[in-house]
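1. Starting from these lines, generate the structure:
(2 chains)
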Amino acid sequence: MRAVVVTFPGSNCDYDCLQVLRKVMRVDTRFIWHRERDLGDPDLVVLPGGFSYGDYLRAGAIARFSPIVEAVKRYAGGGGIVLGICNGFQILCEAGLLPGALRRNDSLKFRSHDVHVRVETADTAFTRAYRPGQVLRIPIAHAEGNYIADPATLERLEADQRVVFRYTTREGARGQGGNPNGSANDIAGIMNAAGNVLGLMPHPERAAEGVLGSTDGLGVFESLVAHCARERVA
Amino acid sequence: MIAPAAGGNGSAPAAPEPRPGDPEVTPELVADHGLSPEEHDRIVGHLGRTPTFTELGVFSAMWSEHCGYKNSKRLLRLLPTQAPWVIQGPGENAGVIDIGGGYALAFKIESHNHPSAVEPYQGAATGIGGILRDVFTMGARPVAVLDSLHFGDLDSSRVRYLFDGVVRGAGDYGNCVGIPNLGGEAYFDRGYEGNPIINVMCLGIMKREQLIRGEAHGEGNTLMAVGARTGRDGIHGATFASEELGEDSDASRPQVQVGDPFTEKLLLEASLELIRSGHIVGIQDMGAAGITSSAAEMAGRSGSGVVIDTALVPVREPGMTPYEILLSESQERMMVVVHKGREDEVRKILNKWELEAAEVGHVTSDGRFRILEDGRPVADIPAMPLTEGCPTYERAGIEGEEVRALREMDLSPYAGGEGDRTADFLRLLASPNLASRRWIHDQYDTTVRTASVVQPGGDAGVLRVRGTPRGIAVTTDCSGRYTYLEPGTGARIAVAEAARNLACAGALPMAVTNNLNFGNPLKPHIYYQLREAVLGMAEACALFETPVTGGNVSLYNETSGTPIYPTPVIGMVGIIDDLERVTRHAFRHEGDVIVLLGRNTDELGASEYLYAMHDIVGGKPPRVDLLAERVLQQALLAMIGEGLLRSAHDCSEGGLACALAESALHDGKNPVGIHVRLADPLPSTALFFGEAQGRVVVSCDPASLDRVRRLADRYGVPCTEIGTVGAIGGSFVVESADARIEAEIGEVGAVYFGALPERMDAQ
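-> Reported below is the predicted structural model:
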């Protein structure tokens, strides 16, 4: 399996993603600079967190014009697996690969702490290592994570079970202060209709080693490695 | 390129003529530049003539307190700076120590008090920016920041505005660059009304061989200005930082720089790539006093000279004079010394990161700091006097009468406590000085870089060092109230407590960076504070074998004549050999034994209890026995090393009751009840809330208790079993012979975690 992590000017979780894929998952992983136009032939593309272009104008709004994003669109169009974390999620929305947008947190503050998210569907390339309904403890760190879409889009996302992660309490209950940013329907992560592009605000790569206090995020990477192995056999 | 006639060797270049349009250098102008008539005479002596306006500006900046350490240098020489593990001591952009495994740690603390007092958001943001540059210009990748904040009382809306702005500014900048915040401290006391103390610390890790210094050697090597363009912001920031604040300080807002963390991130990556490339010989941040200090200090360190043409410096707006270009403190700029002939390679790296680079001059061998404007000399100064010749002073120091009276005050009316101790405890815990700092830390990215093993909120932040079993622990510490009432004691406590914080995490303290924040040193009672604090710090750092590898001095912290509390902030780093042994402050298992190491006393002076309950700043700060502290910490490390402890927590502000509450509550997720019985025959006020030094609250499996006791005995450390850990969500009970605190832990947590948000978000 081969993975690439896209580095935009201002990406700051690129190294973290590379480390988890390389050191924890033993996946052949490399960085790819945003000015490149060719992704090569990877099994997985990661758009990492950070502040691409300083988040000036709007998070992800400038990064989507980077040459590499055209390549990512082609790759996703052909069914390639794309994972966007935090700023990567914002870029996927700005680039039109995922519906909706991420607004400023309802607290108007940067929020950095552990949250609980419930795995809403475990039948995806990104979540098969989890049980449906499993509650994960994973850190967030963002100022613009307040997901919004028009009612019809939200309805479609829910109906198609494309809301993959939802903020909850530790016990897995909705409401009661589990949602850190005011996102619609407590959405923490969604995928596209084809099921090959996922964006989420929490950082699974920061919860993938015991020494850091939680390994709840590791399942995302385990799911992807298993999925890619299956694809290769098939 | 610069014409050879101006940059060549041999024939002495012509002395600079006064530049058309520049003001005449008069005694008034000299005074406006913060220089005394004697200092002006000294400048004339070095130059052999009257300085030009440009030269006056250069001297003013380099001989300011901020750059020249006029009033502190003689005292700073008293600090211990050496140890076998120190690779770089004071005088560079940052200190560096060996952390084993082929790795080195660069670290430094710096103040941004004055800018933050007039523009809190940008003041704090650019403070973070500056300290990051100090660390990555050593060749190290920044891996953590901490902030030591001291504000006035939160009852003031102005203070809330400053606090909110500082936290947002520091957060937005560090979050964007992607450097985790690992802690620090936040204090609130009327002693900082109007003049907050904003100190920021940064740590960076590198391979030992990647170390680079801020030197300009190699005649003919090229000076390049890299990064953001030079604008008119921050001109004379260094001089501004060396003056008292007054009614009109808001008019100084244009002297506050504006930060751009995105450019900083690019500069960080580009600089590390440049350093690794071998194309450059030296690199330095254009921080305080901008081009002037970076070029002069690099030349000074290597004994060479420099020549710079200001017409070659990329500027933001036309018409900037050499004076403005030399003294601008525009952010996110670096001075790089490039091996002659490799300019294009350097430019290639910078272009990749979308940064500008301009050749602005070169290194000479004549030992002079020469500035041209389009080929015409405007400044020509011997470099050594500029960096090393700043006059230093030893002032008269006499303790203020007012402080002595406060220290001697009779505290007996406040020592008793027949009332409801539970109510007192909850009221105390709601004090902004004792309540949870989560409101701050939630605005800081604490987990980026996936190395944060212990996040803010404990005794020390802990980072893993990838590729080794080791961790680095770090903390900042200073109680201004202690230092105000007895400067030497306060400084000794700051060092001892910082070391205790590290030991609680299982780390051996290694080295210190310090930030001396004081008032106007020309006032005898302020100089007394400075001298006593430095002496106390020197004694304690020597005893703990934690040499001072650098830091920052910030004087003139006064508003309309009222000085801040003397605040010598200690930033201390330590090493954990095996991260498996990292220890946290939270009680973890029901049935574990709670043990107090150290001894309770009847001291109540300078306590948060007196301040929060009786609005009193008075009495003697607690006694500190440095040798006993050292032995206590060695015993603690031995216990941790043998894997005997489940938790360890320093006992400090708020006393034993608050330390127990912090261990019981931890981060609020699984708070546990406790039952503690204290047998000491002491008044409950001092017993529960006194701030006796040299105490640590630990917990252990009952089966380990004997071994803990034996180790304590071997070191001669008092060791008392005081209670047991209860169930999650249980009752919090602390009782003495004649008094009792009892509350549901949920109620305690609501107070502890709710206090700061209630004050800050309730509008």
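
2. Near chain A, which residues of chain B are found?
-> Contact residues (Cβ under 8 Å from any Cβ of the partner chain) of chain B with chain A: B:168, B:171-172, B:175-178, B:260-263, B:265-266, B:352-354, B:438, B:441-453, B:464, B:466, B:579, B:669. For every residue, glycine as well, the C-beta is placed using N, CA and C.

3. Which among these count as buried?
-> Buried subset of those (neighbour count, 16 or more other Cβ atoms under 10 Å in any protein chain shown): B:168, B:171-172, B:175-178, B:260-263, B:265-266, B:353, B:438, B:441-453, B:464, B:579.

4. Do me a favour and get the backbone dihedrals for the closest residue to B:Ala586 other than its chain neighbours.
-> Nearest residue to B:Ala586 in three dimensions, chain neighbours excluded: B:His666, at 3.5 Å (Cβ to Cβ, 6 or more residues apart in numbering or on different chains). The phi/psi pair for B:His666 (degrees, to the nearest 10) reads phi 50, psi -130.

5. Could you do A:Glu70 as well?
-> phi -60, psi -40.

6. how far is stretch B:95-111 from where the chain is centred?
-> Taking Cα atoms, centre = their mean, to the nearest Å, one finds stretch B:95-111 lying 14 Å from the centre of the chain it belongs to.

7. Can you dump the C-alpha atoms of that stretch in CSV for me?
-> Output in CSV follows, covering the C-alpha atoms of stretch B:95-111 (Å, rounded to 0.1, in the frame of the first residue of the first chain):
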residue,chain,number,x,y,z
GLY,B,95,20.3,28.3,25.3
VAL,B,96,21.0,24.7,24.3
ILE,B,97,21.5,21.6,26.4
ASP,B,98,22.4,18.0,25.5
ILE,B,99,19.4,15.7,26.1
GLY,B,100,21.2,12.4,25.2
GLY,B,101,20.7,10.1,22.2
GLY,B,102,22.4,12.6,19.9
TYR,B,103,19.7,15.2,20.5
ALA,B,104,19.9,18.8,21.8
LEU,B,105,17.2,21.0,23.3
ALA,B,106,17.1,24.7,22.6
PHE,B,107,14.9,26.9,24.8
LYS,B,108,14.4,30.5,25.8
ILE,B,109,11.8,32.7,27.4
GLU,B,110,11.0,36.3,26.4
SER,B,111,8.7,39.1,27.5
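
8. which parts of that stretch are buried?
-> Neighbour counts using 16+ other Cβ under 10 Å place B:95-99, B:103-111 of stretch B:95-111 among the buried residues.

9. Stretch B:387-399 too?
-> B:387, B:389-390, B:395, B:397.

10. Can you classify the spatially most central residue of chain B by secondary structure?
-> Residue closest to the mean C-alpha point of chain B, counted by Cα atoms, centre = their mean, is B:Ile109 at 3.5 Å. Secondary structure, DSSP: H, G, I helix; E, B strand; the rest coil: B:Ile109 is strand.

11. so what pLDDT did it get?
-> Here the pLDDT value assigned to B:Ile109 is 98.

12. That one and B:Val167: what is the separation?
-> Separation of B:Ile109 from B:Val167 (Cβ to Cβ, to the nearest Å) stands at 18 Å.

13. quick one on the thing from earlier: output the buried residues of stretch B:387-399 as CSV; include the columns pLDDT and secondary structure.
-> Output for the buried residues of stretch B:387-399, formatted as CSV (pLDDT from 0 to 100; DSSP: H, G, I helix; E, B strand; the rest coil):
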residue, pLDDT, secondary structure
B:Thr387, 88, helix
B:Gly389, 88, coil
B:Cys390, 90, coil
B:Arg395, 92, coil
B:Gly397, 95, coil
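
14. Spell out which parts of chain A neighbour chain B.
-> A:9-10, A:12-13, A:15-16, A:19-20, A:33, A:49-51, A:53-56, A:109-113, A:139, A:141, A:143, A:170, A:203, A:205-206, A:208-209, A:211-213.

15. need the contact list for the closest residue to B:Gly467 other than its chain neighbours.
-> Counting by Cβ to Cβ, 6+ apart, B:Gly467 lies nearest to B:Gly101, which is 7.1 Å off, once chain neighbours are set aside. Taking Cβ atoms under 8 Å, 6 or more residues apart in numbering or on different chains, we find B:Gly101 in contact with B:465, B:467-468, B:470.

16. Tell me the spacing between B:Gly101 and chain A.
-> 16 Å (Cβ to the nearest Cβ, to the nearest Å).

17. quick one, phi psi at that residue?
-> Dihedral angles (degrees, to the nearest 10) for B:Gly101: phi 70, psi 20.

18. Residue ranges in the stretch 651-763 of chain B under the pLDDT threshold?
-> Across the stretch 651-763 of chain B, the ranges flagged by pLDDT under 70 are B:763.

19. For chain A, what is the nearest residue in it?
-> Among all residues of the stretch 651-763 of chain B, B:Lys669 sits closest to chain A, at 7.7 Å; criterion: Cβ to the nearest Cβ.

20. Is B:Glu629 in contact with B:Ala503, as I believe?
-> No - the criterion here is Cβ atoms under 8 Å, and B:Glu629 misses it with B:Ala503 at 9.5 Å.

21. Please identify which of those two sits among more neighbours.
-> Between B:Glu629 and B:Ala503, B:Ala503 has the larger neighbour count (other Cβ atoms under 10 Å in any protein chain shown), namely 29 against 24.

22. secondary structure class for that one?
-> helix.

23. nearest residue to it other than its sequence neighbours?
-> In space, B:Ala503 is closest to B:Gln633, 4.0 Å off (Cβ to Cβ, 6+ apart).

24. Sort out which residues of the host helix or strand of the one you found are buried, please.
-> Per DSSP states H and E, B:Gln633 falls inside helix B:626-641. Going by neighbour count (16+ other Cβ under 10 Å), the buried part of helix B:626-641 is B:626, B:628-630, B:632-633, B:635-640.
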